[in-house]
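> Here is a sequence with its predicted model. Questions after.
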Amino acid sequence: MVTESLAANADSRPDGTALVHGDERICHRELLERVERLAHGLSARGVAPGDAVAVMLPAGPAFVTAFLAVTGLGAIVVPLNPQFKPDERDFCLRACDAHEVIADERTVAELIEAHPARRLEPRAPGETAVYQFSSGSTGRPKRLGRTHGQLAAEADSYSFIWPGDRIFCAVPLFHTYGMGCCLIAAVSRAATLVILDEPHPFVLRRGRALELLEREHITVFPGVPLQFRHLADAPQEADLSSLRLCFSAGTALPRETFHAFRDRFGVPVRDLYGCTEAGTLTADLDPEPVVGSAGKPVGDVEVRVEDGEIAVRSPAMTLGYSGMDELNRRAFRDGWFMTGDLGRLDADGRLFVTGRKKLLIEVAGHKVDPIEVEDVVLAHPGVREAVVVGVANGRDESVKAVVVAGDGCGERDVIEFCRERLANFKVPQVVEFREEIPRSPLGKVLRKYLV
């Protein structure tokens, strides 16, 4: 299990660097001690095995320590976006019946300071380790659970991460991509995790990112397409010759971004494909990257394409969504998960993701469920109908709300209403008013006429 890897690292390389954040450097021995102290502190506050504990912290030592302490204690960690507004946060807390919320780094520090280290007991593979929320096309996010055994299976799939690697984390740790490719990969493979330490939009942090990539001799960099584009366009110079693996996930990597980054730094960016339900699934590990390919399955993952839709089977995969029996019957079939993504496999087994059946909108590396945003827009008293779509915005997408409204309801009203209830990246940037929503003869919304 992941916490057992933490203890093994402390035994085999106690003074090796486990975590770097700004000027703070934490060795494997110290990280284990912090985790054991915090777990003891949480236990003293009444947290017991099986209790859900929400962690709403920015990426940093406090998040890493809290994640490992909660799971090491046998409780269930619920990583949540700290940018969530009260409605979003409260929905998730109710859905998992959270016993405790850790939303302040000072709380973590105080509990560590106040309690001695206490050795953590090994967890059983079947115990639930984490609750996550997966967006889709069915409204509110869907809760799913993954066990210690499933997280361990994902950890085993990171054979391409080597002991001593230095992983750069510039993606959210509450997201399955950061949780898997950064936190779990680093702990399970005895690698060093270097976390970008400035809380600003990445375009404003790219100078700091380049500084860290060079200074810390980063070898593995999991990112998203927009980050690689911003770095390729950065005015600062940097020596990134230590980099051996760059991965891009979340949305398709534009060919121009691939070439711009490689031309600038001499390092190719490889595609990686995964999902909240199963973690990392495929990665392009060919000696010469195949542009547009998400690579081949990692570990014991299996991938096939059924009627154009990507289906996956993995020992790291959840068994289903909580309380959604009908959806589970459609999405989980004989041990296979129907991802909702469209794709194809070439003769060598490489996966190419060609589109999606789901309606998710990609906003700066975040996935936005338009149905969730529609629910909020429709709650506005002046809105009669609403449809939310993604529209191209240069190299990214923007959220657009198409609204049928009553008199006196303007664009600013709708945007401010959403801003009070949704994380900023979900808030519509454009509101278009229409007399009616275009529909087919069967009443289906014709979204293609709204983009």
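That came through fine.
> going forward, measure contacts and count neighbours with C-alpha atoms only.
Noted.
> How about the contacts made by the most centrally placed residue in the chain?
In the chain, the residue lying closest to the centroid (CA atoms, centre = their mean) is His175, at 2.2 Å. With contact taken as CA atoms under 8 Å, 6 or more residues apart in numbering, His175 is in contact with Pro79, Asn81.
> Can you give me the pLDDT of it?
The model reports His175 with a pLDDT of 93.
> Adjust the sequence numbering to begin at 195 for everything that follows.
In the new numbering, first residue 195, that becomes His369.
> Ramachandran angles for it?
With angles defined as degrees, to the nearest 10, His369 sits at phi -90, psi 150.
> What of Val414?
Torsion angles at Val414 (phi, psi; degrees, to the nearest 10) stand at phi -130, psi 130.
> Report how many residues lie close to it.
By other CA atoms under 10 Å, 25 other residues sit near Val414.
> and what of Gly517?
11.
> quick check, it in a helix?
No - read with DSSP: H, G, I helix; E, B strand; the rest coil, Gly517 is coil and lies in no helix.
> Report the separation between it and Ala289.
The gap separating Gly517 from Ala289 is 10 Å, by CA to CA, to the nearest Å.
> Show me the common contact partners of the two, please.
By CA under 8 Å, 6+ apart, no residue touches both Gly517 and Ala289.
> Please look at Lys336 and Cys290 and confirm they touch.
No - in this structure, Lys336 is not within contact of Cys290 by CA atoms under 8 Å, at 10.7 Å.
> Compare those two (neighbour count), which wins?
Between Lys336 and Cys290, counting by other CA under 10 Å, Cys290 is the more crowded of the two (21 against 18).
> Share the number of residues neighbouring the nearest residue to the more buried one once chain neighbours are set aside, please.
In space, and not counting its chain neighbours, Cys290 is closest to Ala246: 6.6 Å by CA to CA, 6 or more residues apart in numbering. Ala246 has 26 neighbouring residues, counting by other CA under 10 Å.
> tell me the contacts of Ala246?
Applying CA under 8 Å, 6+ apart to Ala246 gives the contacts Ala269, Ile270, Val271, Val272, Cys290, Asp291, Ala292, His293, Glu294, Tyr325.
> Let me know how buried Gly584 is, in neighbour terms.
When neighbours are counted by other CA under 10 Å, Gly584 registers 23.
> quick one: it is in a helix?
No - according to three-state DSSP, Gly584 belongs to no helix; its state is strand.
> shouldn't it be in contact with Lys594?
Yes - taking contacts as CA under 8 Å, Gly584 lies within contact range of Lys594: 6.0 Å.
> List the buried residues of stretch 466-482.
466-479 (16 or more other CA atoms under 10 Å).
> Quick one: low-confidence residue ranges for this protein.
Applying pLDDT under 70 to the chain flags residues 329-333, 551-552, 634-638.
> How is it partitioned into domains?
196-549, 555-643 (automatic domain parsing).
> so which of those domains is the most packed in?
Ranked by mean neighbour count, these are led by domain 196-549 with a mean of 20 (mean count of other CA atoms under 10 Å).
> Okay, now that domain: how far is its last residue from its first?
33 Å.
> do stretch 538-546 as well
5 Å.
> ditto for stretch 599-615
Taking CA to CA, the first and last residues of stretch 599-615 lie 19 Å apart.
> And the contacts of that stretch?
Stretch 599-615 has contacts (CA under 8 Å, 6+ apart) with 279-282, 567, 570-571, 574, 576-579, 621-628.
> which ones among these are found in strands?
With strands defined by DSSP state E, the entries of these inside them are Val577, Arg578, Glu579, Val624, Val625, Glu626, Phe627.
> mind putting these in CSV, distance to Cys440 included?
Converted to CSV, those look like this (distance: CA to CA, whole Å):
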residue, distance to Cys440
Val577, 45
Arg578, 46
Glu579, 43
Val624, 34
Val625, 37
Glu626, 39
Phe627, 42
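> Just the strands from the stretch 245-394 of the chain, written as ranges.
Applying DSSP state E, counting those that start in this stretch to the stretch 245-394 of the chain gives strands spanning 246-249, 270-273, 292-296, 322-328, 336-341, 360-363, 386-389.
> so what strands line up beside the first one?
In other words, strand 246-249. Strand 246-249 has the following strand partners under DSSP bridges: strand 270-273 (parallel), strand 292-296 (parallel).
> what would the ones you listed look like in a markdown table with distance to Leu437?
Converted to a markdown table, the strands paired with strand 246-249 look like this (distance: least, CA to CA, whole Å):
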| stretch | distance to Leu437 |
| --- | --- |
| strand 270-273 | 29 |
| strand 292-296 | 34 |
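> closest to Gly417 out of the ones you listed?
Gly417 lies closest, by CA to CA, to one member of these: strand 270-273, at 19.1 Å.
> ok now the closest one, how far from the chain's centre?
Put simply, strand 270-273 sits 13 Å off its chain's centre (CA atoms, centre = their mean, to the nearest Å).
> Contacts for that strand, please.
Contacts of strand 270-273 (CA under 8 Å, 6+ apart): 243-250, 261, 264-265, 322-326, 367-369.
> residue boundaries of the strands in the stretch 395-544 of the chain?
Assigned by DSSP E, counting those that start in this stretch, the strands in the stretch 395-544 of the chain fall at 414-417, 439-442, 463-469, 473-477, 490-491, 496-500, 503-507, 526-527, 530-539.
> These: which one's closest to Asp563?
Of the strands of the stretch 395-544 of the chain, nearest to Asp563 by CA to CA is strand 530-539, at 13.4 Å.
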